[in-house]
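>>> Model the structure of this input:
(one chain, ligands or ions: 1)
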Amino acid sequence: MPSKKALVRRPSPRLAEGLVTHIERGKVDVGRAVKQWEAYVEALRKHDWEIIQVDPADDCPDSVFVEDTVVMYKNVALITRPGAKSRRTETIGVEEAVAAVGCSVNWVWEPGTLDGGDVLKVGDTIYVGRSGRTNAAGVQQLRAAFEPLGARVVAAPVSKVLHLKSAVTALPDGTALAHIPSIDRPSLFPRFLSVTEEAGSSVVLLGGNKLLMSASAPKTKDVLTDLGYEVITVDISEFEKVEGCVTCLSVRMRGLYA
Ligand code: GLY
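Numbering: from 1, shown residues only. Okay, here's the model as predicted:
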């Protein structure tokens, strides 16, 4: 079986100060968030993901959203330059973690900005959101890093939500799982299943027909179960209060060492 590794990062005690851009700020219970994060990590572990913990960044409120700091394609880890200045130092520690598992490391440079939450991979197609966090130079640098390795990069405008993956992820067969009201250009996705719950558009592919998703999208869970998927839910309410979702809590690496 190809190896499955997931990078995760323990929540900062300052999580409640995390950035909020498109929603009302809610009161975050950090103790509850830590328990929810532990359950999330356990769900990955239970489905054969080897967990790699990046050193915590306690001074960075949003550091638990480790997916924003690195984009993986084949054996290359592209260390991002997060669009929010307050998040820039989060990349420290991630670089060491990906190098330690044997990835080649590349970087996004100024003036580029790129958040991993804007990057959706569907096979060798890489959709990248041009959002409030990812700029045109970031899109170009992603293209320059990965197209020579065989990827096709498709840029998508994102204005209604924080990141591209706040509104769309992909099912194992490549169908986009999409909350259409949150997407600027749905027509960029050749085949999509629309869902009525925004949190329902975010799934982590656990392997086979198993999906991990937020407990806050029960109608979407029913739709996906009815389509034959095995859906595992986790309560991530404290992270949703600071615009997090199931994807941004980990970086999944599949088959790098197969
Ligand atoms: N709170 C997550 C972010 O704004 O990046």
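>>> Residue numbers of the protein in contact with the ligand?
Applying Cβ under 6 Å from any ligand atom, we find that the chain lies next to the ligand at Gly18, Leu19, Thr21, Asp62, Phe65, Ala84, Leu162, Val242, Glu243. (C-beta placed from N, C-alpha, C; glycine too.)
>>> again, only using 8 Å
18-21, 61-62, 65, 68, 82, 84, 87, 115, 117, 133, 162-163, 242-244, 248 (Cβ under 8 Å from any ligand atom).
>>> Report the buried members of those residues.
Neighbour counting by 16 or more other Cβ atoms under 10 Å classes 18, 61-62, 65, 68, 82, 84, 87, 115, 117, 133, 162-163, 242-244, 248 among the residues of the chain next to the ligand as buried.
>>> Please enumerate the strands of the stretch 151-258 of the chain.
Secondary structure of the stretch 151-258 of the chain, counting by DSSP state E, counting those that start in this stretch: strands at 152-157, 168-170, 176-178, 192-194, 203-207, 210-214, 230-234, 251-254.
>>> which other helices and strands contact the fourth one?
With contacts taken as 3 or more Cβ pairs under 8 Å, 6 or more residues apart in numbering; DSSP states H and E, strand 192-194 sits against strand 176-178.
>>> Name the strands paired with the strand it packs on and say parallel or antiparallel.
With DSSP bridges as the test, strand 176-178 is paired with strand 168-170 (antiparallel), strand 192-194 (parallel).
>>> CSV for these, including mean neighbour count, distance to Val101 and mean pLDDT?
Compiled in CSV, those are given as follows (neighbours: other Cβ atoms under 10 Å; distance: least, Cβ to Cβ, whole Å; pLDDT from 0 to 100):
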stretch, mean neighbour count, distance to Val101, mean pLDDT
strand 168-170, 25, 24, 98
strand 192-194, 17, 33, 97
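>>> Glu95: which of the ones you listed is closest?
Checking the strands paired with strand 176-178 against Glu95 by Cβ to Cβ gives strand 168-170 as the closest, at 25.4 Å.
>>> So what touches that closest one?
The list of residues contacting strand 168-170 from outside it, by Cβ atoms under 8 Å, 6 or more residues apart in numbering, reads 120-122, 127, 176-179, 183, 189, 192, 201-203, 205, 247.
>>> In contact with the nearest residue to Trp107 once chain neighbours are set aside, which residues?
Spatial nearest neighbour of Trp107, excluding adjacent residues (Cβ to Cβ, 6 or more residues apart in numbering): Ile79 at 4.8 Å. Applying Cβ under 8 Å, 6+ apart to Ile79 gives the contacts Thr69, Val70, Thr91, Val94, Glu95, Val98, Val105, Asn106, Trp107, Val108.
>>> Kindly state the beta-bridge partners for the second one.
Okay, so that is Val70. Beta-bridge pairing for Val70 (DSSP bridges): Ile79.
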